[in-house]
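J.: Please find the sequence and the predicted model below.
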Amino acid sequence: MMHVLMMTAVLSSANFRFAQVYKDHMVLQQNMPASVWGWAPPNSGSVTLTLQATDGVELATSEPVLVSADGKWRASIPPQVATSTPAVVTATLSAQVSQSVITLSDVLFGDVWVCSGQSNMAFSTGLPLHDPVAEGKIQAMYESDPGASYNGSYINASTAINTAGQYPDIRLMVVGNKHDCANPIDDWNTTEQGGLTVAQPWQRASNTSVGSQPDVMGGAKIGDGMSATCWYFGFELHLSQNIPIGLIHTSYGGSAVEDWISKETLGNGTTGPCPGPIVHSMGQPSQQYNGQLHPLLNTSIKGAIWYQGESNNGQDQMYSCRYEQMMKEWRAEWHAGTGGATDPNFPIGFVQVGPSASTGTGMGGNSDKYFEIRMGQTADFGYAPNPRWPHSFMSTAFDLANPPGTKCISGCIHIFNKQAAAHRLALGARATVYGEKNLVFSGPRVSAVKTAGTNAITVTYSGIGMEGGGLKLRGQYGFDVCYGKCDNVTSSIDPLDAANAGAPQTLSSPEGMKPRISSNVGGFGWYQANLTAVSGSTVTVNGPASMAGQTITKVRYGHDDMPTVFLNTGPAIFNAEGLPATPGIYVVSP
């Protein structure tokens, strides 16, 4: 625990302390100045940080910093390499007539990742334990699927929790959901103060800190459980990179993207960079930024992962705009708040929202809302990184439906197979952030869509997602076609892959995109199509016989609300590495 040594009985531990994000057992960010801050009596003197080995050998010392007029101080430990050897951080307050020392023990250096979003991020590791039938079906379906788990070996929730203690270099912190927070707070309260306190201070990974309780709200108290997506993501990074990983879970079930943006950036709906209706999912916008994010902005981090979008479903360009503003704000404020230590372009990964329900009957739902938000999550490119968001990576989850009959908690929008969602996210980080070579991290990407006679097209996949074992079909479902009078759509073709394949450049600006048409009234609109042939990296898709003689002008993939492998109606296009092609919409070339 935190220790206070009084050299002269003038200051008390209540007056001189670390901010609440700093506790024993934490991970500090490697390979950059590790920003550490806290509180002291206003203008009381200078603070110096010292990093020591457990035997007392001094490893590093910060430059002294003055305590400000509002009682804050922030100093930086010089860059350290990742290590599993615990160290002690000592902060010394030197005043005119006294000196006070506080310490943090069992501190590791590694990579610190922030995990944020709404209920699918909040979904706890232990929640599937409360529906063992569904958990058993998921394990049987994905047990050896390389696209669903690290090294293609699925771990059920019970095993994940019970073996967590074998990985003490993964450290966990749960902020807990904080609402009714009208203005930004600098820090959470101490236990003695009460009110907005941290739900779970830093802990070593264990069955207790990972937890077995069901939760989709974000951990209101100790024992509610760690985010499953956050845990499996960090678990894979720890194993693949062989470094300590610190995970800060700060999410809130039901929150919209607007809740995680400051008032100044968001505006009031008529002002700001993204004018339009503001989703008031939690009563007032910006409160999660105020109470769950703002106190973290002075702490050096490696990156963040984001799992949110259900509360904004039906949005496309509006979501892209506001999510982009959120990323810009987070990056700028973390960079400034850590004295330039945190990368101003730090990576942010995200999970595309999954199926809209866990008890659906298979393909056929065409509400548009979930397709719209999935496109909005990728700035209409259908994938990430992309030219607009080069420092992002993503996980595709629309294929991860729950088994029919799964016991829902707080609605049926929560997929149980968070291990697969996190694995795909970790692949993106391993390839784009950590630079692992020869690692397939994406599903197949479309490089060309061409007419193949009347009522038929060919779809070719190449480049990213096809570097390994190539195309692998898992069914026939997923394609819809349109004949002329469709909607104004943005193509999702990868411009680089298209250029490499010699295909025309069909990528267009996302501006002015209209709502997509789901009906086929009057012979127009979208029709479910049939995948009729595959040859190497190209598939042939035919429209319905009722449209024989017509020319297909556009094709979309992954539009349906509820594809599910459990009813043999899962999406068709995967690669040999088990990663699905992403939802997208494309213009057909002659």
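T.: The structure has been received and is ready for your questions.
J.: Report the mean confidence score over the lengthiest strand in the chain.
T.: Across the chain, the longest stretch assigned as strand under DSSP state E is strand 99-117. Confidence over strand 99-117, taken as the mean pLDDT, stands at 97.
J.: contact partners of the lengthiest helix in the chain?
T.: Looking only at the chain and at elements set by DSSP state H, the helix with the highest residue count is helix 317-337. Counting by C-beta atoms under 8 Å, 6 or more residues apart in numbering, the neighbours of helix 317-337 from elsewhere in the structure are 35, 257-258, 260-262, 265-266, 272-274, 276, 293, 297-299, 301, 304, 309, 312, 341-346, 348, 373, 376-380, 388-389, 392, 510-511, 513. Backbone N, C-alpha and C define where each C-beta goes, glycine included.
J.: was I right about residue 386 contacting residue 378?
T.: Yes. Taking C-beta atoms under 8 Å as the definition, residue 386 is a contact partner of residue 378 at 6.5 Å.
J.: Next, count neighbours for residue 467.
T.: Neighbourhood size, residue 467 [other C-beta atoms under 10 Å]: 15.
J.: And the closest residue in space to it that isn't next to it in sequence, how far from residue 469?
T.: With C-beta to C-beta, 6 or more residues apart in numbering as the measure, residue 440 is the residue that lies nearest to residue 467, at 5.5 Å, once sequence neighbours are left out. Spatial separation of residue 440 from residue 469 under the definition C-beta to C-beta, to the nearest Å is 8 Å.
J.: Pull up the overlap in contacts between these two.
T.: Taking C-beta under 8 Å, 6+ apart as the contact criterion, the common neighbours of residue 440 and residue 469 are 575, 577.
J.: who has more neighbours, those two?
T.: Counted by other C-beta under 10 Å, residue 440 and residue 469 do not tie: residue 440 has more neighbours, with 21 against 12.
J.: hang on, residue 445 packs against residue 460?
T.: No. Proximity of residue 445 to residue 460 does not meet the contact threshold set by C-beta under 8 Å, at 10.2 Å.
J.: Which of the two has more residues huddled nearby?
T.: Between residue 445 and residue 460, counting by other C-beta under 10 Å, residue 445 is the more crowded of the two (24 against 21).
J.: what residues are up against the more buried one?
T.: In this structure, residue 445 makes contact with 383, 461, 462, 463, 464, 465, 466, 494, 497, 581, 582, judged by C-beta under 8 Å, 6+ apart.
J.: repeat for residue 34
T.: Residue 34 makes contact with 28, 76, 77, 79, 80, 109, 300, 341 under the criterion C-beta under 8 Å, 6+ apart.
J.: Name the residues linked to it by a beta bridge.
T.: For residue 34, the beta-bridge partners are residue 77 (DSSP bridges).
J.: Toward the C-terminus from the longest helix of the chain, list the very next helix or strand.
T.: Next in sequence after helix 317-337, counting helices and strands by DSSP states H and E, comes strand 348-351.
J.: that older thread, strands - which of the contacts of helix 317-337 land there?
T.: Cross-referencing the contacts of helix 317-337 with the strands (criterion: DSSP E) gives 35, 304, 348, 392 as the overlap.
J.: which stretches of this protein form helices?
T.: Ranges of helices in the chain, per DSSP H, are 119-122, 132-142, 157-162, 207-210, 228-241, 263-266, 287-288, 317-337, 369-377, 418-432, 495-501.
J.: lowest-confidence stretch among these?
T.: Per-segment confidence across the helices of the chain bottoms out at helix 495-501, which has a mean of 37 in mean pLDDT.
J.: farthest pair in the contacts of residue 445?
T.: For the contacts of residue 445, with distances taken as C-beta to C-beta, the pair at the greatest spread is 462 and 582 (14.9 Å).
J.: Settle it for me: which of these two has more neighbours?
T.: Counting neighbours by other C-beta under 10 Å for residue 462 and for residue 582 shows that residue 582 has the greater number, 28 against 23.
J.: In this structure that one contacts residue 381, no?
T.: No. Judged on C-beta under 8 Å, residue 582 makes no contact with residue 381 at a distance of 9.2 Å.
J.: on that earlier part again, which of residue 386 and residue 378 has more neighbours?
T.: Shown here are residue 386 and residue 378; by other C-beta under 10 Å, residue 378 has more neighbours (25 against 18).
J.: any idea what sits nearest the more buried one, other than its immediate chain neighbours?
T.: The shortest distance from residue 378 to any residue that is not its chain neighbour, by C-beta to C-beta, 6+ apart, is 5.6 Å, and that residue is residue 384.
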